[in-house]
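>>> predicted coordinates and the sequence they were generated for:
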Amino acid sequence: MKKTTIKDVAKEADVSISVVSYVLNNSTEKTISDATKERVMNAAKKLNYVPNRIASGMRMRKSLSIGVVSYWELEGTVYVQMLSGISKAAAESNYSVVLCNARIEKENYSYLDYFYDGTIDGILFISPYEQLGSIDEAAHITKMKNANAPFVIINGHSNEAGVNYINIDFYGSTYLATSYLIKRGYKEITYVAPLHLNYDELKQRYLGYGTALAHNNLKEKVCGVDDIADNIKNFKAVVTNKSDTAHAVMKEALNQNISIPNDFVMIAGNTEAYSEYLFPPLSTVKIPAKEMGILAAEKLLDSINGDSIKGVSGSSTTLECSLQIRESC
């Protein structure tokens, strides 16, 4: 079958090819009546017209692609959901997504080659998560600014003026879980986490737990992962930093013939794909990863299309977490 062209749409709608181009590309260079716009859109739909992305990109001098640079483990639940949101928002604007993870190391800026050679129009930069190690985020921001590349930082650890950040509410995750248990009537709530590690995410989660207790005049009770076996018989209610830690608690409970939730209840500060399949199914805090991806992509596309001034306007947005209560609580 012959592929429908923009010329065919113009003939069907009885308008010029330039008018079809203006309407399909949402151009503001020329005023088109609503009736004409509707006629063009109906013609395109009737003929099953599919725009040529390459030609459209050439006309707009854009690749119609955004790049994702990630220092997260690619199989992680949050990353997968985040990428789903990014892809959704990109597709709605007729953009594709390019994973720019080749040869990525702490101080490797080769991902900028994708921008320099025109493969991508902007960068979504996902900073590392806990055990994956630290990078010099400020140095990467400087490099992207110097390249004049539109970009958005996800899970940022810096606070640069004029930069758009979409961050995870680590503090709110444990504050929410702890507050829920307090409302359920628990007065003794133990926080279990790898206390020997010194990550900002762990500090924020511990602070969220402690603040929730302080707001209700309750005392902290903290247990490191290496001390679970010695303390588990005294647990009444538990909040863990992550599902990994909760899983360790569950394994030790099984070893000591302790029942969850009969002997104590538990909520983890994040959700993993396996959380609902543990025994019992684990209550967790859901990080809005997909929504974060959507918002980050939308902000990047705004910047690419000139709706915000890079280096002048910038914001830091943190989306709220939500509870997923299952049988462990």
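Nice, I can see it.

>>> the protein: helices as residue ranges?
Assigned helices in the chain, in chain order: 6-13, 17-24, 34-46, 53-60, 77-92, 112-116, 137-146, 170-183, 200-214, 228-231, 243-255, 289-304 (criterion: DSSP state H).

>>> which one of those has the lowest average pLDDT?
Here the lowest mean pLDDT among the helices of the chain goes to helix 53-60, at a mean of 50.

>>> quickly list the domain ranges of this protein.
6-51, 65-168+289-320, 170-286 (automatic domain parsing).

>>> out of those, flag the one nearest residue 326.
Closest to residue 326 of the domains of the chain is domain 170-286 (C-beta to C-beta; 3.8 Å). Just so you know, the C-beta spots here come from the backbone N, C-alpha and C atoms, and that holds for glycine as well.

>>> ends of that closest one, what's the gap?
Domain 170-286 has an end-to-end distance of 11 Å (criterion: C-alpha to C-alpha, to the nearest Å).

>>> now stretch 158-171
Start-to-end, stretch 158-171 (C-alpha to C-alpha) is 16 Å.

>>> quick one: the domains of the chain as CSV, columns for distance to residue 328 and mean neighbour count too.
Formatted as CSV, those follow (distance: least, C-beta to C-beta, whole Å; neighbours: other C-beta atoms under 10 Å):
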stretch, distance to residue 328, mean neighbour count
domain 6-51, 49, 15
domain 65-168+289-320, 18, 18
domain 170-286, 5, 19
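
>>> of all the ones you listed, which one is nearest residue 329?
Minimum separation from residue 329 across the domains of the chain (C-beta to C-beta) falls at domain 170-286, 3.9 Å.

>>> run the chain-centre distance for that closest one.
The gap between where domain 170-286 is centred and where its chain is centred comes out at 23 Å by C-alpha atoms, centre = their mean, to the nearest Å.

>>> so what's residue 152 up against?
Residues near residue 152 by C-beta atoms under 8 Å, 6 or more residues apart in numbering: 122, 123, 124, 125, 164, 165, 166, 296, 297, 299, 300, 303.

>>> what pairs with the fourth one across the strands?
If I follow you right, that is residue 125. For residue 125, the beta-bridge partners under DSSP bridges are residue 69, residue 153.

>>> wait, it touches residue 150, no?
No: contact criterion C-beta atoms under 8 Å: residue 125 and residue 150 do not qualify, at 11.1 Å.

>>> hmm, back to that, and the helices of the chain: which comes nearest residue 269?
Closest approach to residue 269 among these (C-beta to C-beta): helix 170-183, 4.5 Å.

>>> could you list every helix and strand in contact with the closest one?
Judged by 3 or more C-beta pairs under 8 Å, 6 or more residues apart in numbering; DSSP states H and E, the packing partners of helix 170-183 are strand 189-193, helix 200-214, strand 237-240, strand 265-268, strand 283-286, strand 322-324.

>>> give me the buried positions along the shortest one.
What it means is strand 322-324. Buried residues in strand 322-324, counted by 16 or more other C-beta atoms under 10 Å: 323, 324.

>>> for it, give the mean pLDDT please.
Per-residue pLDDT values over strand 322-324 give a mean of 95.

>>> who are the contact partners of the spatially closest residue to residue 174 that is not a sequence neighbour?
Among residues not flanking residue 174 along the chain, residue 208 sits closest, at 3.8 Å (C-beta to C-beta, 6 or more residues apart in numbering). Contacts for residue 208 were tallied using C-beta under 8 Å, 6+ apart; they are 170, 171, 172, 173, 174, 175, 176, 178.

>>> go on, residue 212?
Going by C-beta under 8 Å, 6+ apart, residue 212 touches 174, 175, 178, 179, 182.

>>> hmm, which two among those are most spread apart?
Between any two of those, the greatest separation by C-beta to C-beta is 12.2 Å, found for 174 and 182.

>>> what's the nearest residue to residue 112 if we skip its chain neighbours?
Counting by C-beta to C-beta, 6+ apart, the residue nearest residue 112 is residue 147, at 5.2 Å.

>>> distance check, the one you found against residue 117.
Here residue 147 is placed at a distance of 12 Å from residue 117 (C-beta to C-beta, to the nearest Å).

>>> for residue 98, same thing?
Distance, residue 98 to residue 117, by C-beta to C-beta: 11 Å.

>>> what does residue 5 give?
Distance from residue 5 to residue 117, counting by C-beta to C-beta: 29 Å.

>>> over to residue 289?
Separation of residue 289 from residue 117 (C-beta to C-beta): 30 Å.

>>> on that earlier part again, how about JSON lines for the domains of the chain, with distance to residue 327 added?
As requested, the domains of the chain are arranged in JSON lines below (distance: least, C-beta to C-beta, whole Å):
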{"stretch": "domain 6-51", "distance to residue 327": "48"}
{"stretch": "domain 65-168+289-320", "distance to residue 327": "20"}
{"stretch": "domain 170-286", "distance to residue 327": "4"}
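
>>> who's in contact with residue 93?
The contact partners of residue 93, by C-beta under 8 Å, 6+ apart, come to residue 301.

>>> do the same with the one 3 residues further on
Under the criterion of C-beta under 8 Å, 6+ apart, the contact partners of residue 96 comprise 53, 64, 65, 66, 90.

>>> perfect, that will be all.
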